[in-house]
Structures are given as C-alpha cells and as structure tokens.
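Peer 1: predicted model follows, preceded by the sequence.
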Amino acid sequence: MLGTFGRGFYVLDNYSPLRDVSEKILNDDGYKLFPVKDALMFVKRSATFGSYGSGFYKAENPPFGAAFTYYIKDVPKTKRVQRQEKEKDIIKKNEPVYYPTWEELRAEDKEEKPFLLFTIYDDAGNVIRKLKTSVSAGINRFTWDLRYASTSPVKKTTDENASGYPVMPGKYRVAMSISIDGVLTQVAGLVEFEAKVLNNVTLPIADRNELVAFQKSFRTQSCC
C-alpha cells in the first residue's frame, strides 16, 4: 500500500513476484513466468448499491482466481511493423521509399498477430484450460477464473475465453507459450500452484467430486 500526502492511496495486490525480478531477467531473458500464489475458491457475491453521491466509494475487488504474473521483454514485430520501421529510417535519410509488392502486402494481411497462450494442467498432466491474451512488454498479470472452458456452441461472437463450470480443488501447473506468425512456442513454465476452497459457507459440499461430475454431465447434455 502506498499513501500520498493528500487523501489518496494505492494498493498493489500480491507484490511477491517483484522479489524474483533480477537484472538478468530484465536484460537477458525474454520471458519469465513468476511463482503463482495459491488461489482461493469461493462463490462470488454480487451486491447492488443505491446512489450515495460522493459520500460513498466502492472500489473493484482483485480479479477472482489464479493470477499469473509474467514478464515480456519485447513484443514480436509483425511483417507490417518491420516494413514501416524500415520506411521511417529511409525517409529520415531522404532516400526513395520502396513500395512493397502485392505478394508482400498480402503476406502482411495474412500474418497472424502475436498472442500469448496460457495452458493449465491438472496434477495428472491433463490439459484443463487454454487461455489466450495479447502480448504486452513489461510485467503483466493474467487471471484464470478456476473454471473449465465453456461448453456452449461455438459462435463468431462468442468469447474464446468463455468459462464453464468450476474445476476441482487441487494442484495445477501452468505453462506460457507465445504464437509468432502462427508458430506456437512454449517460453515459460511449468509453474505449480494450488486451488484451495475457502471454507466460509454454512452448508459445505459433502462430495465435491460428485458436484463437478454432475455439472460436467449437465453442461454436456444441455449443449448438444
């Protein structure tokens, strides 16, 4: 927590990954997936508030789930970005700019933009979830909501990271991969963490295995 001389303050949730930052990671290594804090599983409560004007303030809670903190040194440059940077250098030298051919422009249009893919495995090595996000330089954070992927029918407007029912408590591992021009390469991981149930309910679940099995069966039958 960082306070100011006024009436404001800043809260950084879980700054422990910063303890693992070193000069070697920032200067030499291109990618780093920091240790993952154990994630608490609970049922989120949605609450509504009336209009209190300036007399009431409510901030957002940290994202629910397992937070993956990672470092990216440089964002991969697409063919178009590389060409545009070369053109800027040529213009500075007051030299004629080479206009790309139709094949080169088509290759730029067809090139897939770089993205990151987080793959979560259970303790037995089974793939539980794959989550896609954009690539940004520096220290970033991405959160898995401790749920399987959605079993809803695929549509063009459907979020590719849409979630389904909750996973089981237990140990998991995560790997980070990067896709450059359609080629996917694992660059960090595997990092282990644990999903733990927050026992704050009046009527706890007697057998969570049966609950997850029922949810999986219900979702599978309802979507087909």
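Peer 2: Thanks, I have it. Numbers count the residues shown, from 1 in each chain.
Peer 1: could you find the closest non-adjacent residue to residue 143?
Peer 2: residue 63 (4.0 Å; CB to CB, 6 or more residues apart in numbering). For glycine as for every other residue, the C-beta is placed from the backbone atoms N, C-alpha and C.
Peer 1: what about the one you found, distance to residue 85?
Peer 2: 35 Å (CB to CB, to the nearest Å).
Peer 1: now do the helices in the chain.
Peer 2: When secondary structure is read from DSSP state H, the chain shows helices at 23-27, 79-92, 102-110, 208-222.
Peer 1: mean pLDDT for those: which is lowest?
Peer 2: Lowest mean pLDDT within the helices of the chain: helix 208-222, at a mean of 63.
Peer 1: rewinding a little: my read: the residue nearest to residue 143 touches residue 144, true?
Peer 2: No - Residue 63 is not in contact with residue 144 according to CB atoms under 8 Å; the separation is 9.4 Å.
Peer 1: quick one, which of these two is more surrounded?
Peer 2: Neighbours per residue (other CB atoms under 10 Å) separate residue 63 from residue 144, with residue 144 holding more: 25 against 13.
Peer 1: contacts only, for the residue nearest the centre of the chain.
Peer 2: Central residue of the chain (CA atoms, centre = their mean): residue 142, 3.1 Å from the mean position. Taking CB atoms under 8 Å, 6 or more residues apart in numbering, we find residue 142 in contact with 67-68, 70, 116, 118, 131, 133.
Peer 1: try 6 Å
Peer 2: 68, 133 (CB atoms under 6 Å, 6 or more residues apart in numbering).
Peer 1: which strand residues bridge it?
Peer 2: Bridge pairing for residue 142 (DSSP bridges) gives the partners residue 68.
Peer 1: surely the residue nearest to residue 143 meets residue 141?
Peer 2: No - using CB atoms under 6 Å, residue 63 makes no contact with residue 141, being 8.4 Å away.
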